[in-house]
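*Asks:* Pasting the sequence and the predicted model now:
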Amino acid sequence: MRLLAIAAFAAAIVISPAAGAEVTAASPSSFTIEAEAEIAAAPGKVWRDLTRIDRWWNAAHTYSGDASNLRLDARAGGCWCERWGDGQSAEHMRVVLVMESEGVRTLRVAGGLGPLQQMGVSGVLTFTVAPLPNGAKISMTYRVSGDPSLNLEAIAAPVDNVLMEQFGRLSRYTASGSPD
């Protein structure tokens, strides 16, 4: 099942359309992806929806094929995990920071998503939610680094495609209650 999930993720990152994020840096040993969106919803709602990952993450990018198996425990040391049938589970990322300063909330998780996990890379995904006069701005940055022999710059664009699909689903879910 795990190999099937990895194959599905790999296939999806090749065929997913580009979605407006930017690979801001890429080299054989690292890449950085950044995105932001303004949402006509209260910052508290945006934050709450961000942590309800099972409601907006695409099931095609899970090991179990069912996003309802995802949980994000938004506290330092918390797990972004997936659990399904007969004790199977996957830790996608580990929460390393949950913070609020002057109305801006930050969630930072560490780990490699999908096939990046088995590559042994170091990845840090940061979300910030900031208040705006008519809603909130949500920003996302994913920094990945690893051995230069992995040629990470070659996979930066496909990873960007998958992350932007998820970022778009989060934005739509927060704005309308549906990720689609």
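*Replies:* Thanks, I have it. Numbering: from 1, shown residues only.
*Asks:* Just the helices from the chain, written as ranges.
*Replies:* For the chain, the helices defined by DSSP state H cover 2-15, 43-51, 116-119, 156-176.
*Asks:* elements contacting the second one?
*Replies:* Contacts of helix 43-51 with other secondary structure elements, assessed using 3 or more CB pairs under 8 Å, 6 or more residues apart in numbering; DSSP states H and E, are made with strand 104-110, strand 122-132, strand 135-145, helix 156-176. C-beta here means a position set from N, CA and C on the backbone, and glycine is covered the same way.
*Asks:* which residues touch R55?
*Replies:* Residues near R55 by CB atoms under 8 Å, 6 or more residues apart in numbering: 49, 67, 173, 179.
*Asks:* Look through the chain and tell me its longest strand.
*Replies:* Ordering each strand of the chain by length in residues (DSSP state E) puts strand 88-101 first.
*Asks:* any idea how far R105 is from the residue nearest to the spatial centre of the chain?
*Replies:* The residue lying closest to the centre of the chain (CA atoms, centre = their mean) is L163, at 5.7 Å. The gap separating L163 from R105 is 20 Å, by CB to CB, to the nearest Å.
*Asks:* Check A67 too.
*Replies:* 23 Å.
*Asks:* again with V98
*Replies:* For V98 relative to R105 (CB to CB), the value is 8 Å.
*Asks:* The two: which has the busier surroundings?
*Replies:* R105 (21 against 17; other CB atoms under 10 Å).
*Asks:* quick one: contacts for that one?
*Replies:* Neighbours of R105 in contact, by CB under 8 Å, 6+ apart: 43, 47, 98-99, 128-129.
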